[in-house]
Structures are given as C-alpha cells and as structure tokens.
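S.K.: Coordinates only, no sequence provided:
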C-alpha cells in the first residue's frame with residue numbers, strides 16, 4: 001500500500017496540525033489523570049472520600065455549564081474556543097506546583113483547580129467535536145475520529161509512563177508542570193491551523209434558553225442519539241466509581257509504587273491504541289450500530305479481574321482486563337462519535353455535543369461521590385466490583401434502540417426536529 005494511502009487525512013496540513021495539537025494536549029491530560037489524585041493521596045494523605053470528591057470536582061463542570069456551553073460555542077468560531085481553553089487551562093494547572101513550593105497546597109486547592117479545569121474542558125470538548133466535521137468533511141468522519149483516537153491512545157500509553165517516574169522523582173504536584181506545558185503547546189499549535197470557519201451569522205434574536213431547548217429537543221427526539229446519550233450516562237457513572245478507587249486499590253492493596261501504577265495505566269493505553277487501530281475494520285465487519293453495544297458487552301466484564309488482584313501475577317491478569325476495557329471503549333466511541341456527528345446538522349453540532357455531554361457526563365460528579373462513599377463502606381475492592389457490573393449493564397439502552405441493526409452511517413445529517421412537530425428524526429431510521 002502506498003505511503004500516501006496509509007497516511008490518509010494526515011496528508012492534509014491542517015488536520016496534521018490538529019493531530020499534533022491533540023497529541024500534546026492529551027499527553028498533558030493523561031499526566032493529570034495520574035498526578036492529580038496522587039497529589040491528594042501521597043502528598044496530602046487524603047482519605048477515600050476526599051479522593052472520590054476530587055474525582056467529582058473534575059467533572060462538575062458538565063453540570064455547571066454543560067447545556068449553555070453548546071449554545072455559546074455555536075455562536076463562536078470553534079477553533080478560537082479550543083485555543084483559548086487550552087491556554088487558560090495551562091495557567092490554571094500552574095497554580096498547583098506554585099502552591100506546593102510555597103507550602104500552601106491543600107485539598108481545597110486541588111478541588112478548586114479540578115473544578116475550573118473541568119469547566120474549561122467542557123468548552124474545549126464541545127468546540128473540538130463541533131470543529132472536526134468542518135475541518136475534514138462529513139465523508140471523512142470515521143477516519144478522522146479513528147486517527148485522533150489512535151493518537152489519544154498513544155498518549156494514554158506515554159502519559160502514565162512519563163508521569164509515574166516523574167511523580168516518584170519530583171513529586172505529583174511538580175509533575176503537573178509537564179501537563180501545563182502540554183496544554184500550552186497544544187494551544188499554540190492550534191493557532192497555526194490555517195482553515196478558518198466563518199463566524200456564525202447572528203440571528204435577529206439570540207435567546208439562550210430557546211437555543212438550549214432546540215438542542216435538547218433534537219437529541220431527545222432522535223432515537224439513536226437518545227440511546228447513546230443515556231448509555232453513556234450509565235457507563236460514565238460506574239466508570240468514575242471504578243476509577244475513583246482504582247488508584248487507591250493499586251497503591252494500598254497491591255503495594256505498587258508510582259512507576260508500577262504508571263505501567264498499569266499505560267497498559268490501558270495499549271488497549272485503547274489497539275482499539276483505535278481496529279475500530280474501522282471492526283465497525284465495517286460487525287456494523288457501525290451493533291459495535292456500539294457489542295464492544296462494551298464483551299470487554300466491560302473483564303474489569304472485574306482487578307478487585308481479585310493481589311501482589312504478584314494476578315496484577316498482570318488484572319492489567320490485561322483493564323486493557324480490554326479500554327479497547328472496547330475506544331471501538332465504541334469511534335463509531336458512536338461518527339454517528340453523532342453524521343446525524344446532526346452543522347448549526348446544531350455544538351448544542352448536540354453539549355446536550356449529550358451534559359446528560360452523559362452529568363452523573364460523573366455523582367459517580368465520584370458514590371465511589372468515595374462506597375470505598376468508605378465496602379472498601380476499594382468492593383467499589384471496583386460494583387463499577388464493573390454497572391459498566392456492563394450500560395449496553396442496554398443502545399441494544400434496545402435502532403442501533404442494534406444499523407450497519408452504516410447515515411449519508412447526511414438528519415433534519416432538526418421542530419418544537420411541536422412530529423418526530424422527524426425517527427423517520428430517518430424507517
């Protein structure tokens with residue numbers, strides 16, 4: 001196969017810059033995933049509930065600004081939103097090492113940074129999802145999502161591998177300097193993308209509530225979008241319960257040091273990378289719709305290997321289970337993201353993304369709190385069992401929807417349902 005065919009969209013200079021910016025930003029994000037809770041666990045000796053609450057604060061932004069973020073982003077150039085969010089997140093992360101060096105670091109400081117960083121991430125993610133169809137065209141969405149997922153998976157491997165030794169060498173708070181640098185370089189690189197969007201035309205009356213309602217109605221009346229949104233909500237709730245106690249379990253029950261924990265998380269990244277590489281082929285063979293429920297059904301139960309782990313070989317088996325969980329998750333997300341983007345008109349992309357994020361991520365803060373409370377009552381291992389069971393059950397909304405038999409993406413975006421009109425979006429599946 002010629003090299004140009006293998007590169008595909010990477011031959012496009014602007015997509016290549018977005019690809020590189022994604023790599024830098026995601027590298028910083030994956031380091032945060034390890035360093036922020038370890039700053040609470042190791043540097044501040046936080047208990048299980050405090051760690052769970054920190055996890056909740058990282059996602060509370062979805063509840064605070066989730067719905068209006070979509071309407072606001074639809075009024076602006078998405079690329080500009082992404083750049084601004086990256087640069088401000090970089091500055092916010094700098095406050096942790098500065099507070100640590102000044103002897104002022106506290107759990108409340110971590111809560112505040114996690115909350116502000118999470119709010120900015122909402123705006124970044126909504127803009128990012130909305131910008132991709134403009135940059136690559138709707139016909140290239142599966143390839144674009146697959147390549148970006150592959151890069152995110154590579155950083156999922158490299159991030160913990162870098163973060164683990166750094167945490168052991170300089171401490172978790174100082175390691176966040178690397179995250180800040182990654183975010184800043186991502187924003188600077190995104191500035192060099194030459195393809196500009198036209199600024200959305202202002203309507204005569206821009207009513208925030210009305211625009212939010214239009215996006216919410218579109219998603220709720222669309223049977224496939226609705227199923228994916230609620231399936232994600234269940235999955236994310238139990239995933240965060242699981243994740244909130246995963247580092248506690250690894251650090252206190254298996255006796256792993258930061259480097260070993262980093263290797264476990266890198267293994268998850270390996271699974272995610274394999275999933276990104278296989279996503280297009282698996283979706284073509286199984287069907288774009290069926291893979292959305294079948295992939296997690298086959299891989300989520302393997303997350304139950306972790307609470308069985310004890311020091312020794314069983315940790316390796318548990319790591320394989322986590323890698324499989326990541327593999328299935330990425331295969332699902334690549335197909336699901338492509339479906340969501342293909343089904344949505346350009347003018348509603350921001351609101352579709354914000355609405356689905358608000359509902360599907362809205363339970364994440366609750367998952368963090370429940371994870372912390374469950375860890376206090378049942379222990380970290382008991383919470384991991386509950387999380388694995390809940391993630392497996394999350395396949396039901398998608399299995400019971402039209403996605404069960406839809407093998408291909410829609411050829412064009414479905415029309416936006418009007419308030420009071422019939423369910424136009426549902427007819428696209430008949």
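M.R.: Cool, got the structure. Everything quoted here is computed from the prediction, not taken from an experiment. Residues are numbered from 1 along each chain as shown.
S.K.: what's the burial count for residue 308?
M.R.: Using other C-beta atoms under 10 Å, residue 308 is surrounded by 14 other residues. Just so you know, the C-beta spots here come from the backbone N, C-alpha and C atoms, and that holds for glycine as well.
S.K.: Quick check: it touching residue 318?
M.R.: Yes - proximity of residue 308 to residue 318 meets the contact threshold set by C-beta atoms under 8 Å, at 6.9 Å.
S.K.: Quickly find the element holding residue 377.
M.R.: helix 364-393 (DSSP states H and E).
S.K.: That helix: which residues count as buried?
M.R.: 364-375, 379-381, 383-388, 390-392 (16 or more other C-beta atoms under 10 Å).
S.K.: again, but for stretch 100-109
M.R.: Buried, per 16+ other C-beta under 10 Å, within stretch 100-109: 100, 105, 107, 109.
S.K.: model confidence over it, on average?
M.R.: Mean per-residue pLDDT for stretch 100-109: 90.
S.K.: now swap in stretch 117-134 and tell me
M.R.: 83.
S.K.: likewise stretch 269-277?
M.R.: pLDDT averaged over stretch 269-277 gives 82.
S.K.: Now do it: distance to the chain's middle.
M.R.: A distance of 15 Å separates the centroid of the chain from that of stretch 269-277, by C-alpha atoms, centre = their mean, to the nearest Å.
S.K.: Now the terminal residues of stretch 214-228, how far apart.
M.R.: Stretch 214-228 stretches 18 Å from its first residue to its last (C-alpha to C-alpha, to the nearest Å).
S.K.: Where does pLDDT dip in the stretch 201-350 of the chain?
M.R.: 201-206 (pLDDT under 70).
S.K.: Three-state assignment for residue 35, please.
M.R.: Assigned by DSSP: H, G, I helix; E, B strand; the rest coil, the conformation of residue 35 is helix.
S.K.: Report all helices and strands that the helix or strand encompassing residue 67 contacts.
M.R.: Here residue 67 sits within helix 48-74, counting by DSSP H and E. Taking 3 or more C-beta pairs under 8 Å, 6 or more residues apart in numbering; DSSP states H and E as contact, the helices and strands that helix 48-74 lies on are helix 13-38, helix 107-136, helix 208-221, helix 223-252, helix 349-362, helix 364-393.
S.K.: Just say which of these is most tucked in.
M.R.: helix 349-362 (a mean of 26; mean count of other C-beta atoms under 10 Å).
S.K.: could you give the angle of that helix to helix 364-393?
M.R.: Going by axes from the mean of the first three to the mean of the last three C-alpha atoms, to 10 degrees, helix 349-362 is angled at 80 degrees with respect to helix 364-393.
S.K.: contacting residues around helix 349-362?
M.R.: Residues outside helix 349-362 that contact it (C-beta atoms under 8 Å, 6 or more residues apart in numbering) are 59, 62-63, 66-74, 78, 122, 125-127, 129-130, 133, 211-212, 214-216, 218-219, 225, 228-230, 232-233, 235-236, 340-341, 344.
S.K.: Stretch 306-320 now?
M.R.: With C-beta under 8 Å, 6+ apart, stretch 306-320 has contacts from 246, 249, 253-256, 263-264, 267-268, 302, 305, 321-322, 380-382, 384-385, 388.
S.K.: And that stretch, what's buried?
M.R.: Residues 306, 307, 309, 315, 318, 319 are the ones in stretch 306-320 that count as buried (16+ other C-beta under 10 Å).
S.K.: Now tabulate these in TSV and tack on distance to residue 116.
M.R.: Converted to TSV, those look like this (distance: C-beta to C-beta, whole Å):
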residue	distance to residue 116
306	31
307	33
309	35
315	35
318	34
319	33
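S.K.: Could you work out the most separated pair of the residues you listed?
M.R.: 307 and 319 (13.3 Å; C-beta to C-beta).
S.K.: So what's the gap between the strand or helix carrying residue 325 and the chain middle?
M.R.: Using DSSP H and E, residue 325 sits within helix 313-343. Helix 313-343 sits 11 Å away from the centroid of its parent chain (C-alpha atoms, centre = their mean).
S.K.: and the angle from that helix to helix 107-136?
M.R.: Using the same axes, to 10 degrees: helix 313-343 against helix 107-136 is 50 degrees.
S.K.: Okay, buried residues for helix 313-343 please.
M.R.: Buried, per 16+ other C-beta under 10 Å, within helix 313-343: 315, 318-319, 321-343.
S.K.: Just want the most central residue of the protein.
M.R.: Nearest to the mean C-alpha position of the chain, by C-alpha atoms, centre = their mean, lies residue 125 at 8.4 Å.
S.K.: list the contacts for that one?
M.R.: 353, 357.
S.K.: Would you mind measuring from it to residue 364?
M.R.: 13 Å (C-beta to C-beta, to the nearest Å).
S.K.: Relative to residue 12, which of the buried residues of stretch 306-320 is nearest.
M.R.: Residue 12 has its nearest neighbour among those in residue 319, at 36.5 Å by C-beta to C-beta.
S.K.: Could you check which helix or strand contains residue 260?
M.R.: helix 258-286.
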